[in-house]
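Enquirer: turn this into a model:
(chains A and B)
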Amino acid sequence: DGGITQSPKYLFRKEGQNVTLSCEQNLNHDAMYWYRQDPGQGLRLIYYSQIVNDFQKGDIAEGYSVSREKKESFPLTVTSAQKNPTAFYLCASSISKTNEQFFGPGTRLTVL
Amino acid sequence: EDQVTQSPEALRLQEGESSSLNCSYTVSGLRGLFWYRQDPGKGPEFLFTLYSAGEEKEKERLKATLTKKESFLHITAPKPEDSATYLCAVQDPGTYKYIFGTGTRLKVLA
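Expert: Below you'll find the predicted structure:
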């Protein structure tokens, strides 16, 4: 089955730690995205990548980092510089930058 | 600045009671308007893409329509399983970034 997988489903982090969220897709999509979702707010774009080895900052990139070394993978690192990281994180992909996005199941990150 | 506004924020319907959700947008040069359904604790599920005013798309009890300034998601004779948050998004024509609304939380009562 083709799709987008995110792991882990739940993640707990102590303050001061960096954590990495995994996102993998086997849809052969060129573009991949990371969003953050908080209660009562729309999805906010963290980073996006339209081709391998290239990515751009979204609207709330501070405290986050990404890499795109393979077409299938777009991991997100939440660094200790992110002051309020507790949120639901969603990864998405699309065939190209002009097509609809398909989302993974999400990772819920909680800072203890 | 590009914006997407969805209304109402929340909607409660009786089973079989048809209604519409609204998504108004301000973007110069619409590339696409997208509707998604999101269940609690899950990722959004793609429903429809609309590209031009007058376009309509249907899927089971859902029908999406588009004008130059807004889109409607019509729900005909809803069932409890239609309960979810419905999200609308547009694509910025310059950056290709997607701009999401805050969603409409729909609850259909049996």
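Enquirer: enumerate every residue touching A:Glu100.
Expert: A:94, B:32, B:34, B:46, B:49 (CB atoms under 8 Å, 6 or more residues apart in numbering or on different chains). In this view, the C-beta of every residue, glycine as well, is placed from N, C-alpha and C.
Enquirer: quickly list what the first one is bridged to.
Expert: Beta bridges link A:Ser94 to A:Ala31, judged by DSSP bridges.
Enquirer: ok, it to B:Arg12 distance?
Expert: According to CB to CB, to the nearest Å, A:Ser94 and B:Arg12 sit 33 Å apart.
Enquirer: which residue is nearest the centroid of chain A?
Expert: A:Trp34 (3.1 Å; CA atoms, centre = their mean).
Enquirer: count of residues packed around A:Ala61?
Expert: 17 (other CB atoms under 10 Å in any protein chain shown).
Enquirer: okay, it: pLDDT?
Expert: As predicted, A:Ala61 sits at a pLDDT of 96.
Enquirer: pick out whichever of A:Ser94 and B:Arg12 has more residues nearby.
Expert: Set side by side, A:Ser94 and B:Arg12 show more neighbours around A:Ser94, with 23 against 13, by other CB under 10 Å.
Enquirer: can you pull the contacts of that one?
Expert: A:Ser94 touches A:29-31, A:33, A:100-102, counting by CB under 8 Å, 6+ apart.
Enquirer: where does confidence bottom out across these?
Expert: A:Glu100 (89).
Enquirer: leaving out sequence neighbours, find the closest residue to that one.
Expert: Spatial nearest neighbour of A:Glu100, chain neighbours left out: B:Thr49 (4.9 Å); criterion: CB to CB, 6 or more residues apart in numbering or on different chains.
Enquirer: need the three-state assignment for the one you found.
Expert: Going by DSSP: H, G, I helix; E, B strand; the rest coil, the secondary structure assigned to B:Thr49 is strand.
Enquirer: can you list the neighbours in contact with stretch B:100-110?
Expert: A:35, A:40-43, B:4-15, B:21, B:23, B:38, B:75, B:78-89.
Enquirer: can you give me the strands for the chain?
Expert: No chain was given, so I picked chain A. A:4-7, A:10-13, A:19-25, A:31-37, A:44-51, A:54-57, A:64-66, A:76-78, A:87-94, A:102-103, A:107-111 (DSSP state E).
Enquirer: the intended chain is chain B.
Expert: B:3-7, B:10-14, B:19-26, B:33-38, B:45-50, B:56-59, B:62-66, B:70-75, B:84-91, B:98-100, B:104-109.
Enquirer: distance to A:Thr86 and mean pLDDT added to those, as CSV?
Expert: Formatted as CSV, the strands of chain B follow (distance: least, CB to CB, whole Å; pLDDT from 0 to 100):
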stretch, distance to A:Thr86, mean pLDDT
strand B:3-7, 24, 94
strand B:10-14, 24, 98
strand B:19-26, 28, 96
strand B:33-38, 19, 97
strand B:45-50, 24, 96
strand B:56-59, 35, 96
strand B:62-66, 33, 98
strand B:70-75, 31, 97
strand B:84-91, 20, 95
strand B:98-100, 20, 92
strand B:104-109, 21, 98
